[in-house]
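A.B. asks: just coords:
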């Protein structure tokens, strides 16, 4: 069962209720300032439908954005004017260019289940990052996947969209197994589709070890949208790496 196929076309409506993209872009730019970088060129991994990309594009950055889902990129292409879009698995991405900064936001790295895939992604980023450049990414924490999403079921209902979201957390592998069932109204009929998403809960220690293996030595970790150290109940962790 593929991820982010039919879902790509309802993703924006659902996610805009949960994420303030402008506020998140402000935060990213503040991280640039705090860590002493002034990037012009960005490469964004797992860009999805391009909501964050669009916000950054409007702020004047030259951007290359990639995603593994062609459907997500199709939606992104309708809103992005100057951004170069690449269909690629982030662990294999090779653009042939170098960038001032790399970004991977809103859980992109949680979808990499195998340590080898994470390390390969970090190595690829390091190779394509200019000297003095910065890599910023976030992950949903183990605490969030285990204790917030856990084994819960969520229901969302609007006039033209209904979905159920069933979660199962597998402690042995730190995996969140998500099954989503959608009913979307189209032409006075409801179309049903189903998607399964797997996310892995990585610890700070695991991520830091893999970043160092890839050649990053200056690594900072923050609680989401703050400049504070993560807490035991932080739901999203933000890494800034050089």
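C.D. replies: Here it is on my side, so go on. Small disclaimer: the values here were computed from a predicted structure and weren't measured. Numbering: from 1, shown residues only.
A.B. asks: looks to me like residue 80 is in a strand.
C.D. replies: No: assessed with DSSP: H, G, I helix; E, B strand; the rest coil, residue 80 is coil; it does not lie in a strand.
A.B. asks: is it true that it touches residue 49?
C.D. replies: No: contact criterion C-beta atoms under 8 Å: residue 80 and residue 49 do not qualify, at 9.7 Å. Heads up, the C-betas are built off the backbone N, CA and C, glycines and all.
A.B. asks: look at those two and report which has more neighbours.
C.D. replies: The residue with more neighbours, out of residue 80 and residue 49, is residue 49; 26 against 19, by other C-beta atoms under 10 Å.
A.B. asks: and the strands in this protein, which stretches?
C.D. replies: Per DSSP state E, the chain carries strands over the ranges 41-45, 62-67, 84-87, 99-104, 129-140, 153-157, 161-170, 175-186, 189-200, 219-223, 236-241.
A.B. asks: so which other helices or strands are in contact with the third one?
C.D. replies: What that stands for is strand 84-87. strand 62-67, helix 70-77 (3 or more C-beta pairs under 8 Å, 6 or more residues apart in numbering; DSSP states H and E).
A.B. asks: need the winner for burial among those.
C.D. replies: Mean neighbour count (mean count of other C-beta atoms under 10 Å) peaks for strand 62-67 among the helices and strands packed on strand 84-87, with a mean of 22.
A.B. asks: avg pLDDT for that strand?
C.D. replies: Strand 62-67 shows a mean pLDDT of 97.
A.B. asks: which of the helices and strands in the chain ranks last by mean pLDDT?
C.D. replies: Sorted by mean pLDDT, DSSP states H and E, the helices and strands of the chain end with helix 8-15, the least confident at a mean of 63.
A.B. asks: roughly how far does the residue nearest to residue 51 when sequence neighbours are not counted sit from residue 45?
C.D. replies: Among residues not flanking residue 51 along the chain, residue 21 sits closest, at 5.1 Å (C-beta to C-beta, 6 or more residues apart in numbering). Distance, residue 21 to residue 45, using C-beta to C-beta, to the nearest Å: 17 Å.
A.B. asks: which one of the two has more residues nearby?
C.D. replies: residue 45 (26 against 17).
A.B. asks: and residue 226, what pLDDT?
C.D. replies: Confidence at residue 226, expressed as pLDDT, is 96.
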